[in-house]
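**Student:** Following is a predicted model, sequence given first.
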Amino acid sequence: MAPQLQGYFDQVDLMSDSFIARLAAAVAIPSVSADPELRHHVFKMADFLEKLLLALGATVERRPLGIEPARPTLELPPVILSRYGNDPNKRTILVYGHYDVQPALKEDGWATDPFVLSVDEKTGKMFGRGSTDDKGPVLGWLNAIEAHQKAGIEFPVNLLMCFEGMEEYGSEGLDDLIKKEAKNYFKDAEAVCISDNYWLGAEKPCLTYGLRGVSYYELTVHGPAQDLHSGVYGGSVTEPMTDLVKLLGTLVDNKGNILIPGLSELVAPLSEDEKLLYQGISFEMQDLYDGLGSETSIHPDKERTLMARWRYPSLSIHGIEGAFSAPGAKTVIPAKVIGKFSIRTVPNMEPKDVDELVYQHLNFEWEKTRTNNTMKVGLGHAGKWWVSSPKHWNFAAASKAVESVFKVKPDMTREGGSIPVTLTFEQATGKNVLLLPMGSSTDAAHSINEKLDKRNYIEGIKLLGAYLHYVAVEPQIEQ
Ligand SMILES: [Zn+2]
């Protein structure tokens, strides 16, 4: 029997003003994890959440993470672990969110004070740093608990919560904690839900089942002992930049084809089932052009564009360290240049296989240059891709929840970027992970004028609660 949710939905509507006031109180705490001066506010935000959770009757355990390795004068903010409900007859669901935010200064070009939630009553846009990333969704879970209590509706699951305060600064310490708690605090969890990404557009909700990984390389070419003047040495020295540009030119063409032999053979073939998922997706080429600020796309249609972004690898050349890049016409010959490029990886590319093919290719091309400079290539950082089954019961429940709130089936989407914690949760707990976004693509997370639409927040609170009801009763069919 489908869950009866009207009472809960009505209660959320009744309480919407207090939920917005709560978001305003959270936005007012500038919990910027990157800024040492503001670190005490990150701790203040942890206190804020702890107090709310305790008031709701949840239990809370603060997990200290010690000193920040790169900045030893700073203490890392705690991970807040919390449990609401302990009924062996109910399913247990683990949710994750983060309570720190990106830096924001009014001078960066914000139209309003970034740490004052400014609600535009006409458009329903609520501007403020952290509104959508990720304070809105984190409070969404708490608000869902409160609305159940006020409406006298039994909470459908045992809820485990994991809220961290360093997400916007590398999630320092989190991986180890998740691995440790997988068999402890998280041991009852039957599925995981993360609300920390966005709809593909502005209108239609989505569920996200895949993320690309990234492998980032540095390619160093070195020759002379110091920078030289081309008027004196041009023509008599083997120039590192010439070698580097040649090498970078062998990596990718302007149609997006990666030219490294063997790499495309690592990519999982496109199945008929998967192809179907792309057809109905609410996305227009104009959405891409708006994002680009131009019409310089590689593919002419939506399906190929989305596949290129989500399920195929891409290689981007990001920059050259040591090269002259200022305005003007300096006649320098750089002595050492470092080319930076990365590959966005997808199933079934094993990072170490990718590394090997990259090194093999560059060594082969290097030999062809017959140069007397030296070359070195190395991996900067790597994060693996993640893909889940959109047919898993965790997704089936979320899909029904979307329909109950928005009266439309969600798009099944993947993302081109990475959210490393997703894979960590999956590997550590062995459970299915679902990405269930609250905000929309227009929210400008990480940018100036970040906002969350009132509709996304209030309907999002309904959605998170509805998801818990559906996931409580969804038959447990593993797919
Ligand atoms: Zn976030």
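**Tutor:** Great, that's in hand. Numbering: from 1, shown residues only.
**Student:** Please report how far the closest residue to the ion within the stretch 251-400 of the chain lies from Ser342.
**Tutor:** Distances between the stretch 251-400 of the chain and the ion by CB to the ion are smallest at Gly383, namely 15.3 Å. Bear in mind the C-beta positions are built from the backbone N, C-alpha and C, glycine included. Gly383 is 10 Å from Ser342, where distance means CB to CB, to the nearest Å.
**Student:** Overlap in contacts, the two.
**Tutor:** Common contacts of Gly383 and Ser342 (CB atoms under 8 Å, 6 or more residues apart in numbering): Val214.
**Student:** follow-up on the earlier one: list the contacts for the residue of the stretch 251-400 of the chain closest to the ion?
**Tutor:** Neighbouring residues of Gly383 by CB under 8 Å, 6+ apart: Gly213, Val214, Ser418, Pro420, Leu423.
**Student:** Am I right that the first one is in contact with Glu350?
**Tutor:** No: Gly213 lies out of contact with Glu350 (CB atoms under 8 Å); the separation is 10.1 Å.
**Student:** And those two? Which one has more around it.
**Tutor:** Between Gly213 and Glu350, counted using other CB atoms under 10 Å, the more crowded position is Gly213 (22 against 12).
**Student:** which phi and psi does the nearest residue to that one once chain neighbours are set aside have?
**Tutor:** Of all residues not flanking Gly213 in the chain, Trp385 sits nearest, at 3.7 Å (CB to CB, 6 or more residues apart in numbering). Note on Trp385: backbone dihedrals following degrees, to the nearest 10 are phi -70, psi 170.
**Student:** can you check the one 4 residues further on too?
**Tutor:** Its backbone dihedrals place Ser389 at phi -90, psi 120, with angles given as degrees, to the nearest 10.
**Student:** Can you report how many residues neighbour it?
**Tutor:** Here the number of neighbours of Ser389 (other CB under 10 Å) works out to 13.
**Student:** pretty sure it contacts Gly210?
**Tutor:** No: the criterion here is CB under 8 Å, and Ser389 misses it with Gly210 at 10.0 Å.
**Student:** Identify the residues contacting Met307.
**Tutor:** Met307 sits next to Leu270, Tyr278 when contact means CB under 8 Å, 6+ apart.
**Student:** one more time with 10 Å, if that's ok
**Tutor:** With contact taken as CB atoms under 10 Å, 6 or more residues apart in numbering, Met307 is in contact with Leu270, Glu274, Lys275, Tyr278, His299, Val346, Arg414.
**Student:** ok, so of these, who is nearest Tyr8?
**Tutor:** Among the contacts of Met307, Arg414 lies closest to Tyr8 (CB to CB), at 30.4 Å.
**Student:** Look up which residues are beta-bridged to the closest one.
**Tutor:** The partner list for Arg414 in beta bridges (DSSP bridges) reads Gly210.
**Student:** coming back round to it: might you specify the subset of the contacts of Met307 located within strands?
**Tutor:** If you go by DSSP state E, the contacts of Met307 have Arg414 in strands.
**Student:** ok, of the contacts of Met307, which one's closest to Leu379?
**Tutor:** Val346 (17.6 Å).
**Student:** tell me which element the residue of the chain positioned farthest from its centre is part of?
**Tutor:** Note on the chain: the largest C-alpha distance from the chain mean falls to Val232, namely 49.8 Å (CA atoms, centre = their mean). Per DSSP states H and E, Val232 falls inside helix 230-233.
**Student:** ok, now Tyr289?
**Tutor:** Counting by DSSP H and E, the element that carries Tyr289 is helix 285-292.
**Student:** Could I get the CA-only coordinates of that helix as PDB?
**Tutor:** Written as PDB, here are the backbone C-alpha positions of helix 285-292 (Å, rounded to 0.1, in the frame of the first residue of the first chain):
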ATOM      1  CA  MET A 285      20.800  22.200 -26.300                       C
ATOM      2  CA  GLN A 286      20.000  25.800 -25.300                       C
ATOM      3  CA  ASP A 287      20.700  24.800 -21.700                       C
ATOM      4  CA  LEU A 288      24.200  23.900 -22.800                       C
ATOM      5  CA  TYR A 289      24.600  27.100 -24.800                       C
ATOM      6  CA  ASP A 290      23.500  29.100 -21.700                       C
ATOM      7  CA  GLY A 291      26.100  27.300 -19.600                       C
ATOM      8  CA  LEU A 292      28.800  27.900 -22.200                       C
END
